[in-house]
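[1] coords below, sequence missing:
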């Protein structure tokens, strides 16, 4: 019921914008004029951050244009991160970014500051495979050496927000699968392997566009703006033990880097 009310409010505000006369096409194409109006509605909070917009067909009817014209306006807003399309769900106004603290002594769930939603994990794939070129260099692996590859997704109240691909040197963790299966904890694997604590030695953040597999996992459209976070964990002897590349929807988080001591394995 709350979602329907929110959608009705968005429709009412957008209907007022849609009722305005268009300027001449020679001055600015119609699809860009629609883009301007929707951008103003988002930036002026006429539509609530995180709220769902009417569907593409309904918006096209509302703004008195065909679907292709509306699609061009929506695509530009999505490429800028102002809107986010979720496959099978709808088009949403960018949410207010959550602060995510990157610090050695904080668990993932605790790193989402002010988050009252339930944070859960889902293991998508666990296997032994040939390393990526980056992992091979980091772990100093030779031909025939393997890594543990773990694909995992994090969810907020059941909605996917983060996808990560971890690589760990297989020779360091011979019982990875057995121990990880018990509690779904990489830290438990570290501890069982005699690694009492680790530190995040390097973190790199970059922007990009969701690849098809990432978009499917995160329920996004292909080429939706995302943030990639690449991290390296090292043991007390400074040996690299994990290469991690994660993917977030662009507007979902703001990263806060804090310096603390090593992370205990618990």
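    Arrived safely. Just so you know, these numbers come straight off a predicted model, no measurement behind them. Residues are numbered from 1 along each chain as shown.
[2] So in this protein, where's the weakest helix or strand by average pLDDT?
    Using mean pLDDT, DSSP states H and E, the weakest-scoring helix or strand in the chain turns out to be helix 108-111, at a mean of 56.
[3] Report the contact partners of residue 145.
    131, 136, 139, 169, 170, 171 (CB atoms under 8 Å, 6 or more residues apart in numbering). For every residue, glycine as well, the C-beta is placed using N, CA and C.
[4] again, but for residue 71
    With contact set as CB under 8 Å, 6+ apart, residue 71 has these partners: residue 56.
[5] Make sure it is indeed in a helix.
    Yes: under DSSP: H, G, I helix; E, B strand; the rest coil, residue 71 falls within a helix.
[6] Now, the contacts of residue 145 that are in strands?
    Among the contacts of residue 145, the members falling in strands (DSSP state E) are residue 169.
[7] now the helices for this structure?
    Here the chain has its helices, by DSSP state H, at 2-18, 30-43, 56-62, 67-79, 108-111, 133-139, 176-183, 186-192, 212-218.
[8] mean pLDDT for those: which is lowest?
    Lowest mean pLDDT within the helices of the chain: helix 108-111, at a mean of 56.
[9] Let me see the confidence value for residue 253.
    On the pLDDT scale, residue 253 is placed at 66.
[10] Okay, buried residues for the top strand by length along the chain please.
    The residue-count maximum for a strand in the chain (DSSP E) belongs to strand 197-209. Going by neighbour count (16 or more other CB atoms under 10 Å), the buried part of strand 197-209 is 197, 198, 199, 200.
[11] of the residues you listed, closest to residue 24?
    residue 200 (55.8 Å; CB to CB).
[12] Go ahead and confirm that closest one touches residue 235.
    No: look at residue 200 against residue 235 with CB atoms under 8 Å: they stay out of range, at 11.9 Å.
[13] Identify the residues contacting residue 176.
    148, 168, 170, 189.
[14] Now for the closest residue to residue 53 other than its chain neighbours, how many residues are close by?
    Distances taken as CB to CB, 6 or more residues apart in numbering place residue 91 nearest to residue 53, at 4.7 Å, with adjacent residues excluded. Residue 91: 18 surrounding residues under other CB atoms under 10 Å.
[15] Ok, residue 158 next?
    Residue 158 has 9 nearby residues by other CB under 10 Å.
[16] Quick check: the gap between it and residue 120.
    7 Å (CB to CB, to the nearest Å).
[17] does residue 182 really touch residue 192, like I thought?
    No: at 9.8 Å, residue 182 does not count as touching residue 192 under the criterion of CB under 8 Å.
[18] neighbour count winner among those two?
    Set side by side, residue 182 and residue 192 show more neighbours around residue 192, with 17 against 10, by other CB under 10 Å.
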